[in-house]
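Enquirer: what shape does this take:
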Amino acid sequence: MSGFDDPFDPNIQLSGKGCSCGRHSSQAEHQLDEDARIGRVVESTVMRALFPHDETRRNFIRAVGTGTALAAISTFFPLSAAKALAADRAPLEKPDLKIGFVPITCATPIIMAGPMGFYSREGLNVSLLKTAGWAVVRDKVMNKEYDASHMLSPMPLAISLGLGSQAQPMDVAAIENINGQAITMHVKHKDKLDPKQWKGFKFGLPFDYSIHNLLLRYFLAEHGLDPDQDVELRIMAPPDMVANLRAGNIDGFLGPEPFNQRAVYEEVGFIHTLSRDLWDGHPCCAFGVSEGFTKAYPNTFAALFRAIARATDYAHKPENRADIIKAIAPANYLNQPIPVLEQVMTGRFADGLGKVRNVPDRVDFDPFPWPSMAVWMLTQLKRWGYLKGEVNYRQVAEKVFLATDARKRLQEIGLPAPASDYAKYTIMGKVFDPAKPEQYLKSFKISRT
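Expert: Reported below is the predicted structural model:
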């Protein structure tokens, strides 16, 4: 090069010792060098594509300087985004991971990502750990027994705020499923379809900090029943709901699939109301990690997000559901009959009242973690007395639901992401504006506030 060093040479290396490659004084210096090397690779690739002839490229750099050259290119080519995407392919800090899940269809992307290869394609070796209930999931994540987990979408909010446990910062990297729940009643109540007739009934719920609890309370209150005085709400693990219904311990439940359909399959219950009919597109479960994991293992977290996001997008497409059902049905995952899962995942199902219904979006999958959904959950946690005092809704929502990060990463892998973090929702005919949470909260006749 006639004495001129090309600053876009990706092969420039530091020398040293004390790191994994033996060329740096510390692992931190190794990582800095690795990041710099990746950046040089991106810059070199772009520069060589724009100026394929070596002499032309070098003359340009000599004339304007390295910094000016990069600044000029950045005006029409997203260099920073390209570097971020390339950096995400950097060596994983922790390729072996333990991920918890509760055996319900909401966990479909997390589960299927194992047998269908979404984790392995990102270089991850994931152990999927079936977990009985949500309190156990919470404790294992907080104790770092799990690296990440399937969670109910309000759980990371509750854990971050110290509701029901010691406060520990949590992140919602992605939403797993939307819709996919139902109110299921015992067959003996086929003559009591009007919720106003349910006073004194006992209902099963999977967890206090669940969308199920918040939606059932909302539904009951809209029909004039106080959920804390007029009915009894019992917390139980989702796999126990059908057995409790059969035994007469509960009159109904608002629970996750496939247990609503399983109750119909076993002829002990009927589907009264799909959750999508209360709030179409509502979030249910999420993919949660501790804030500490996100910061300590950024490359691993990026790979994990890509695997989950791609699996969620794959699950969203109806043409893929048949293969997914086969992957998640076995005993080590959902342990459910194929006909039950087919009815849930295709939306063509028997409702237990003598009808076969066709609701294609009975369950769906969308990874974007909307902070506006988090704001709604916070209003309902406050409405029913779980959350006390003043709440900075927007601040909490945006700290826990990582919308900006998700949008960037979704765009990097070519998946759609909304332009805004906030949207209005219609829930049982009433519009929720996330910009006016206190006004919304004060509009309810039945409330603990």
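
Enquirer: where are the low-confidence patches of the stretch 251-400 of the chain?
Expert: Low-confidence segments of the stretch 251-400 of the chain, defined by pLDDT under 70: none present.

Enquirer: strands of that one, residue ranges please.
Expert: Secondary structure of the stretch 251-400 of the chain by DSSP state E, counting those that start in this stretch: the strands cover 252-256, 269-274, 285-290, 348-350, 356-358, 363-364.

Enquirer: would you turn these into JSON lines with distance to Ala419 and mean neighbour count?
Expert: For the C-beta atoms, the positions are set from N, CA and C on the backbone; glycine is no exception. Conversion of these to JSON lines gives the following (distance: least, CB to CB, whole Å; neighbours: other CB atoms under 10 Å):
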{"stretch": "strand 252-256", "distance to Ala419": "31", "mean neighbour count": "29"}
{"stretch": "strand 269-274", "distance to Ala419": "29", "mean neighbour count": "23"}
{"stretch": "strand 285-290", "distance to Ala419": "21", "mean neighbour count": "27"}
{"stretch": "strand 348-350", "distance to Ala419": "34", "mean neighbour count": "19"}
{"stretch": "strand 356-358", "distance to Ala419": "33", "mean neighbour count": "11"}
{"stretch": "strand 363-364", "distance to Ala419": "21", "mean neighbour count": "23"}
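
Enquirer: out of these, which gets nearest to Met428?
Expert: In this view, the strands of the stretch 251-400 of the chain are compared for proximity to Met428 by CB to CB, and strand 269-274 is the closest at 10.3 Å.

Enquirer: tell me which other helices or strands that closest one touches.
Expert: In terms of contact count using 3 or more CB pairs under 8 Å, 6 or more residues apart in numbering; DSSP states H and E, strand 269-274 is assigned the packing partners strand 181-186, helix 259-265.

Enquirer: okay, those in CSV with distance to Phe368 and mean neighbour count next?
Expert: Shown next, in CSV, are the helices and strands packed on strand 269-274 (distance: least, CB to CB, whole Å; neighbours: other CB under 10 Å):
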stretch, distance to Phe368, mean neighbour count
strand 181-186, 19, 28
helix 259-265, 25, 27
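
Enquirer: excluding its backbone neighbours, what's nearest Val102?
Expert: On the basis of CB to CB, 6 or more residues apart in numbering, the spatially nearest residue to Val102 that is not a chain neighbour turns out to be Thr131, at 5.6 Å.

Enquirer: isn't that neighbour up against Lys140?
Expert: Yes. A contact is recorded between Thr131 and Lys140 when judged using CB atoms under 8 Å, the distance being 7.1 Å.

Enquirer: so which of these two has more stuff around it?
Expert: The residue with more neighbours, out of Thr131 and Lys140 and counting by other CB atoms under 10 Å, is Thr131; that gives 22 against 16.

Enquirer: tell me the contacts of the more buried one?
Expert: Contacts of Thr131 were listed using CB atoms under 8 Å, 6 or more residues apart in numbering, and they are 100-102, 137, 140, 149.

Enquirer: ok, now with 7 Å
Expert: For Thr131, the contact set (CB atoms under 7 Å, 6 or more residues apart in numbering) comprises 100-102, 137.

Enquirer: rewinding a little: name the residues contacting each of Thr131 and Lys140.
Expert: Gly100.

Enquirer: and the gap between the residue nearest the centre of the chain and Trp198?
Expert: Nearest to the geometric centre of the chain sits Ile175, at 2.4 Å (CA atoms, centre = their mean). Taking CB to CB, to the nearest Å as the measure, Ile175 and Trp198 are separated by 30 Å.

Enquirer: now the angle between strand 285-290 and the helix or strand harbouring Asp171, please.
Expert: Counting by DSSP states H and E, the element that carries Asp171 is strand 170-175. Relative orientation of strand 170-175 versus strand 285-290 (axes from the mean of the first three to the mean of the last three CA atoms, to 10 degrees): 140 degrees.

Enquirer: what sits up against strand 170-175?
Expert: Strand 170-175 has contacts (CB under 7 Å, 6+ apart) with 153, 156, 159-160, 283, 286-291, 294, 305, 308-309, 312, 366-369, 400-402, 406.

Enquirer: check stretch 343-359 too.
Expert: 105, 187, 190, 257-258, 261, 264, 269-271, 274, 321, 324-325, 360-363.

Enquirer: let's see it as PDB, backbone CA atoms only.
Expert: Output for stretch 343-359, consisting of C-alpha atoms alone and laid out as PDB, is shown next (Å, rounded to 0.1, in the frame of the first residue of the first chain):
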ATOM      1  CA  GLN A 343     -58.900 -27.300  18.200                       C
ATOM      2  CA  VAL A 344     -57.000 -24.700  20.200                       C
ATOM      3  CA  MET A 345     -54.400 -23.900  17.500                       C
ATOM      4  CA  THR A 346     -56.600 -23.900  14.500                       C
ATOM      5  CA  GLY A 347     -59.600 -22.200  16.100                       C
ATOM      6  CA  ARG A 348     -62.100 -24.800  14.900                       C
ATOM      7  CA  PHE A 349     -63.500 -26.200  18.100                       C
ATOM      8  CA  ALA A 350     -66.400 -27.700  20.000                       C
ATOM      9  CA  ASP A 351     -67.600 -25.300  22.700                       C
ATOM     10  CA  GLY A 352     -69.300 -27.900  24.900                       C
ATOM     11  CA  LEU A 353     -72.700 -26.300  24.200                       C
ATOM     12  CA  GLY A 354     -73.400 -28.300  21.100                       C
ATOM     13  CA  LYS A 355     -71.700 -25.900  18.700                       C
ATOM     14  CA  VAL A 356     -68.600 -26.200  16.600                       C
ATOM     15  CA  ARG A 357     -67.100 -22.700  16.300                       C
ATOM     16  CA  ASN A 358     -64.500 -21.300  13.900                       C
ATOM     17  CA  VAL A 359     -62.400 -18.600  15.400                       C
END
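
Enquirer: going forward can the numbers begin at 95, since that is how I track them
Expert: Got it, first residue is 95 now, which makes that one stretch 437-453.

Enquirer: could I get the strands of the stretch 345-494 of the chain in JSON lines, plus columns for distance to Glu326?
Expert: Written out in JSON lines, the entries for the strands of the stretch 345-494 of the chain read as follows (distance: least, CB to CB, whole Å):
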{"stretch": "strand 346-350", "distance to Glu326": "11"}
{"stretch": "strand 363-368", "distance to Glu326": "17"}
{"stretch": "strand 379-384", "distance to Glu326": "25"}
{"stretch": "strand 442-444", "distance to Glu326": "28"}
{"stretch": "strand 450-452", "distance to Glu326": "29"}
{"stretch": "strand 457-458", "distance to Glu326": "28"}
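
Enquirer: that's all I had, so thanks and see you.
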